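1. no sequence on hand, only this structure:
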């Protein structure tokens, strides 16, 4: 029985280690200059995070968002010119990839489907 308890304890510890919130430096490396394809229930949404602080997204419903972004306090925040202001997202590294959550209320925003260097969508 002790062996089973130890396996259970190790599995729990491993699962806890497998999910970590990305730091400012990790977010910078993950996002800056890249297009991130976010998988949402409505479909994939490409989001470009320019090194100049410019952000652009094409949502599955056809909406095009443009704005500026910054990294702060282990999250990234976007002020959309034609959408929400100070829209902050935390990114959690999981064993399956990256999950994104609204910083204010914890609601899921989607998961990272893929990351492509540059701006292949011309956003």
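-> Thanks, I have the structure now. Everything numeric in this text was worked out from a predicted model, so none of it was measured. Residues are numbered from 1 along each chain as shown.
2. please count neighbours and contacts with C-alpha atoms only from this point.
-> Will do.
3. for residue 102, which non-adjacent residue is closest in space?
-> residue 89 (4.8 Å; C-alpha to C-alpha, 6 or more residues apart in numbering).
4. no, scratch that, I was asking about residue 110
-> residue 40 (4.8 Å).
5. what about the residue nearest to residue 102, how many residues nearby?
-> Around residue 89 there are 23 other residues, counting by other C-alpha atoms under 10 Å.
6. in three-state terms, label it for me.
-> Applying DSSP: H, G, I helix; E, B strand; the rest coil to residue 89 yields a three-state assignment of strand.
7. which ones are touching it?
-> By C-alpha atoms under 8 Å, 6 or more residues apart in numbering, the contact set of residue 89 is 75-77, 100-103.
8. with residue 20 instead?
-> 92-94.
9. contacting residues around the helix or strand that contains residue 37?
-> Assigned by DSSP states H and E, residue 37 belongs to strand 34-40. With C-alpha under 8 Å, 6+ apart as the test, strand 34-40 has contacts from 44-50, 109-120.
10. could you pull out the helices in the chain for me?
-> For the chain, helices defined by DSSP state H occupy the ranges 2-18, 24-31.
11. and the gap between residue 104 and residue 41?
-> 20 Å (C-alpha to C-alpha, to the nearest Å).
12. then residue 111?
-> From residue 111 to residue 41 the distance is 10 Å (C-alpha to C-alpha).
13. these two: who's more crowded?
-> Shown here are residue 111 and residue 41; by other C-alpha under 10 Å, residue 111 has more neighbours (21 against 9).
14. so the more buried one touches residue 99, yeah?
-> Yes. Residue 111 lies in contact with residue 99 (C-alpha atoms under 8 Å); the separation is 4.3 Å.
15. mean pLDDT lowest where, among the helices of the chain?
-> Within these, the stretch with the lowest mean pLDDT is helix 2-18, showing a mean of 42.
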